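Student: fold the following for me, if possible:
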Amino acid sequence: MQYFEFRNSPLYALPSPLRHASIKPEAVQLSAKLLNERLIACMNYFPIESMYHWDSRLVNNQEIVTIYKTIPENLEAVQSMIEKNHKYTTPCIIQLSTVNANESYEQWIRSECTLTPKL
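Tutor: Next up is the predicted model:
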């Protein structure tokens, strides 16, 4: 995985894995786990409609896309938790690297992801 450094900061860009959850409650429940473990600082979600081939048939599904904001050190743990808790056999997990972010937001993401997990 490659990250981009910016503004002479020791921090790397803050990647956001995207994933699909078939229903909102599943997305919210998994996101709460990730937030409570301090693996992500923030989550955004929105409904979409997806079409794709699966098991030799055309599927048209209503889904939820979630965007997780995290730090590079947490990416593997975030991906692992998604894979373990997602009902899809092959969940969509895409990492996007941020090229630039305002410094105060970047610091907030870093601080939220490095606090002690909530029990």
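Student: measure the residue in the chain sticking out farthest from the centre to Q62 for me?
Tutor: What lies farthest from the middle of the chain is S56; by C-alpha atoms, centre = their mean that is 28.8 Å. Distance, S56 to Q62, using C-beta to C-beta, to the nearest Å: 21 Å. Any C-beta I mention is one placed from the backbone N, CA and C, and that applies to glycine too.
Student: tell me the pLDDT of the residue nearest the centre of the chain.
Tutor: Closest residue to the average C-alpha location of the chain: Y68 at 3.0 Å, with C-alpha atoms, centre = their mean. Listed pLDDT for Y68 reads 89.
Student: again with L75
Tutor: Here, the pLDDT recorded for L75 equals 88.
Student: helix, strand or coil for it?
Tutor: For L75, the assignment made with DSSP: H, G, I helix; E, B strand; the rest coil gives helix.
Student: quick one on the thing from earlier: the helix or strand the residue nearest to the centre of the chain falls within pairs with which strands?
Tutor: Following DSSP states H and E, one finds Y68 within strand 57-69. If you go by DSSP bridges, strand 57-69 pairs up with strand 18-21 (antiparallel), strand 42-54 (antiparallel).
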